[in-house]
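Student: next come a sequence and a model predicted from it.
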Amino acid sequence: MRIGIIGSGNIGETAARLFVRAGHEVALSNSRGPQTLRAAAAALGPAARAATVDEAAAFGEVVLVAIPFGRYESLPVAPLKGKIVVDANNYFPRRDGEIDLGGRTTGEVLAGHLTGARVVKAFNTMYYETLAAGGAPQAPPDERLALFVAGDDAAAKAVVSRLIEEIGFAPVDTGSLHEGGRLQEMGSPLIGEPVTGAAARAALQSARRQ
């Protein structure tokens with residue numbers, strides 16, 4: 001599968017490395033331009049390339065976005081229309097400024113900007129160090145560390161869930177971009193602490209009751 005990566009920070013580069021290791025092609029991009037990513041792409045091998053943001057968006061069948069949330073309006077709309085967009089962003093007011101979400105989750109806000117994109121919230125609840133080292137493709141699903149997934153498009157969530165399984169984690173569906181996305185926002189008990197798939201489902205039920 002071709003996967004575009006928009007944002008070359010800790011999560012973006014870590015995810016790119018894991019996707020290449022799982023046999024996928026990636027195009028890395030950031031706001032500073034492909035010249036700043038050639039060394040990183042070369043280190044990942046021939047399945048990786050440096051690209052502009054528009055090129056990464058056009059390249060990917062799936063496009064992972066891991067940028068400061070305050071910059072979400074800089075994302076190109078046209079090349080992402082119809083694409084599965086993995087929203088790995090988190091909102092930090094001290095970094096991103098005060099943003100009126102209007103009662104929406106960050107995933108819903110991103111989906112509102114990316115008209116026609118199939119937005120799935122994922123890869124935002126785990127620290128990058130854990131993501132880099134915590135995958136266990138040979139382990140039973142319940143014993144793998146969990147990555148939570150929210151979205152309104154069941155088929156898109158299924159694709160993202162398969163990618164999560166391929167890199168050695170357990171996808172756990174939190175629900176829609178609104179209800180599930182709310183459980184994947186900063187401050188949620190589902191953020192940060194690594195838990196197995198079995199423990200994650202129990203934590204999800206507890207969080208829903210709260």
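Tutor: Thanks, I have the structure now. Numbering: from 1, shown residues only.

Student: looks to me like T174 is in a helix.
Tutor: No. Counting by DSSP: H, G, I helix; E, B strand; the rest coil, T174 is not part of a helix but strand.

Student: thought it was touching P189?
Tutor: No. With contacts counted by Cβ atoms under 8 Å, T174 stays clear of P189, the gap being 12.0 Å. (C-beta placed from N, C-alpha, C; glycine too.)

Student: out of the two, which sits in the more crowded spot?
Tutor: Between T174 and P189, counted using other Cβ atoms under 10 Å, T174 has the larger neighbour count: 25 against 12.

Student: any idea how far the one helix or strand F148 maps to is from the chain center?
Tutor: Using DSSP states H and E, the element containing F148 is strand 146-151. Strand 146-151 sits 9 Å away from the centroid of its parent chain (Cα atoms, centre = their mean, to the nearest Å).

Student: same thing with stretch 47-67?
Tutor: 13 Å.

Student: got the end-to-end distance for it?
Tutor: 22 Å (Cα to Cα, to the nearest Å).

Student: list the buried residues for that stretch?
Tutor: 47-60, 62-67 (16 or more other Cβ atoms under 10 Å).

Student: tell me which of those residues fall in strands.
Tutor: Counting by DSSP state E, these place 48-50, 62-65 in strands.

Student: can I get those in TSV with distance to D87 and pLDDT?
Tutor: Converted to TSV, these look like this (distance: Cβ to Cβ, whole Å; pLDDT from 0 to 100):
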residue	distance to D87	pLDDT
A48	22	98
R49	23	98
A50	23	98
V62	12	98
V63	10	98
L64	9	98
V65	6	98
